[in-house]
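Asks: Below is the sequence, then the predicted model.
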Amino acid sequence: MLTKEEEDFMEYWEIHRMQKKRFIKQVSVGLPMAMTLILGITVSVFSGWYTRAQMVFFRESSSLVLILLVAAVALMVFMVLFSARHRWELNEQRYLELMHRKSSQSGQS
């Protein structure tokens with residue numbers, strides 16, 4: 001027997017499962033987390049808590065800034081896609097398990 005919460009989840013996921021798989025929806029889910037991480041790293045670099053690293057950073061050529069910018073964007077894209085797809089896969093797995101449990105219970109009755 002499925003609980004009310006499980007039945008509600010099944011109804012919700014049946015309606016929204018393809019909508020949540022779209023790229024735009026995935027970006028809106030993972031972007032805040034990725035931006036927070038990148039912002040934290042940037043604040044940490046420019047806060048001056050490690051003066052030697054800051055001296056090396058500002059002494060190097062502008063290519064280091066470009067490399068860090070590309071790395072930050074790559075990290076952000078990876079986190080956005082990974083977190084959204086991971087969350088979608090977890091919900092899909094839960095949905096399929098509940099469907100299997102529901103069909104096996106109806107078959108026994």
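Replies: Noted; the coordinates are in hand.
Asks: Going by residue numbers, what spans are helices in the chain?
Replies: Along the chain, the stretches classed as helices by DSSP state H are 4-16, 23-46, 51-59, 62-108.
Asks: Columns mean neighbour count and mean pLDDT on top of the ones you listed, output as a markdown table?
Replies: From N, CA and C alone the C-beta is placed, and that goes for glycine too. Converted to a markdown table, the helices of the chain look like this (neighbours: other Cβ atoms under 10 Å; pLDDT from 0 to 100):
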| stretch | mean neighbour count | mean pLDDT |
| --- | --- | --- |
| helix 4-16 | 12 | 90 |
| helix 23-46 | 14 | 80 |
| helix 51-59 | 10 | 75 |
| helix 62-108 | 13 | 86 |
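Asks: Phi first, then psi, for residue 49.
Replies: When read as degrees, to the nearest 10, the backbone of residue 49 gives phi -70, psi -20.
Asks: dump the residue contacts of it.
Replies: Contacts for residue 49 (Cβ atoms under 8 Å, 6 or more residues apart in numbering) come out as none.
Asks: hmm, try it at 10 Å
Replies: By Cβ atoms under 10 Å, 6 or more residues apart in numbering, residue 49 lies in contact with residue 43.
Asks: what's the answer for residue 12, then?
Replies: 91, 95.
Asks: ok, the residue most central in space within the chain to residue 19 distance?
Replies: Nearest residue to the geometric centre of the chain (Cα atoms, centre = their mean): residue 83, 1.9 Å. Separation of residue 83 from residue 19 (Cβ to Cβ, to the nearest Å): 17 Å.
Asks: cool, residue 57 as well?
Replies: Residue 57 is 43 Å from residue 19, by Cβ to Cβ.
Asks: Residue 105 too?
Replies: Applying Cβ to Cβ, the value for residue 105 to residue 19 is 28 Å.
Asks: same deal with residue 39?
Replies: Per Cβ to Cβ, residue 39 is found 29 Å from residue 19.
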